[in-house]
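Engineer: Here is my input, please return the structure:
(one chain, ligands or ions: 1)
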Amino acid sequence: MLFHVRMTVKLPTDMPAEQVTRLKADEKELAQRLQGEGTWRHLWRIAGLYANVSVFDVADAQALHDTLMQLPLYPCMEIEVMALCRHPSSIHDDDR
Ligand SMILES: O=C(O)C[C@H]1C=CC(=O)O1
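Structural biologist: Here you go, the predicted model:
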C-alpha cells in the first residue's frame, strides 16, 4: 500500500549542534536503509524548505505509523499523510 508523506522538520533552536549532527546522521542511515529495502520508495526535498515529500510502500496504515515513529527526527517533525491508490490511467504496474 502506498502513502504520500510530507515531513517538515522543525528542530528546536536550542538543540546542541552535536545532537543535531547525530540525529541527522542517524536519520540518513535509516532513510537509506528503508530506501534500499523498498519501503521508502521516493524521497524528494521540497525546494526552499527543510521538508520532504516521500512515498512509502508498506503493508497498511499501522506499518506506516510504526515506520514513521522509528525515525530519529520524528519528535521534531510535522507529518502529513495521504493514502494513495492506483490511477486508472497510470502506465506503471507498480503503482499499488
Ligand atoms: O531531511 C529531511 O527531509 C528529513 C529526513 C528525511 C530523510 C532524511 O535523511 O532526513
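Engineer: Tell me which stretches of this structure form strands.
Structural biologist: Along the chain, counting by DSSP state E, strands occupy 2-9, 40-45, 51-57, 77-84.
Engineer: and these as JSON lines, adding mean neighbour count?
Structural biologist: Where C-beta positions appear, they are placed from N, C-alpha and C, glycine not excepted. JSON lines is the format used below for those (neighbours: other C-beta atoms under 10 Å):
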{"stretch": "strand 2-9", "mean neighbour count": "18"}
{"stretch": "strand 40-45", "mean neighbour count": "14"}
{"stretch": "strand 51-57", "mean neighbour count": "18"}
{"stretch": "strand 77-84", "mean neighbour count": "13"}
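Engineer: Any idea which of those strands gets closest to the ligand?
Structural biologist: With C-beta to the nearest ligand atom as the measure, strand 51-57 is the member of the strands of the chain nearest the ligand (3.6 Å).
Engineer: Who are the packing partners of the closest one?
Structural biologist: strand 2-9, strand 40-45 (3 or more C-beta pairs under 8 Å, 6 or more residues apart in numbering; DSSP states H and E).
Engineer: ok now the last one, how far from the chain's centre?
Structural biologist: Its chain's average C-alpha position is 7 Å from that of strand 40-45, according to C-alpha atoms, centre = their mean, to the nearest Å.
Engineer: Likewise for the first one?
Structural biologist: When distances are taken as C-alpha atoms, centre = their mean, strand 2-9 is centred 5 Å away from the chain's centroid.
Engineer: what does it contact?
Structural biologist: Applying C-beta atoms under 8 Å, 6 or more residues apart in numbering, the contact partners of strand 2-9 are 41, 46, 49-58, 61, 64, 68, 73, 76-85, 95-96.
Engineer: where does this protein have low pLDDT?
Structural biologist: Flagging of the chain using pLDDT under 70 yields the residue ranges 96.
Engineer: Can you tell me which residues in it are near the ligand?
Structural biologist: Contact residues (C-beta under 6 Å from any ligand atom) of the chain with the ligand: 7, 9, 27-28, 31, 43, 52, 73.
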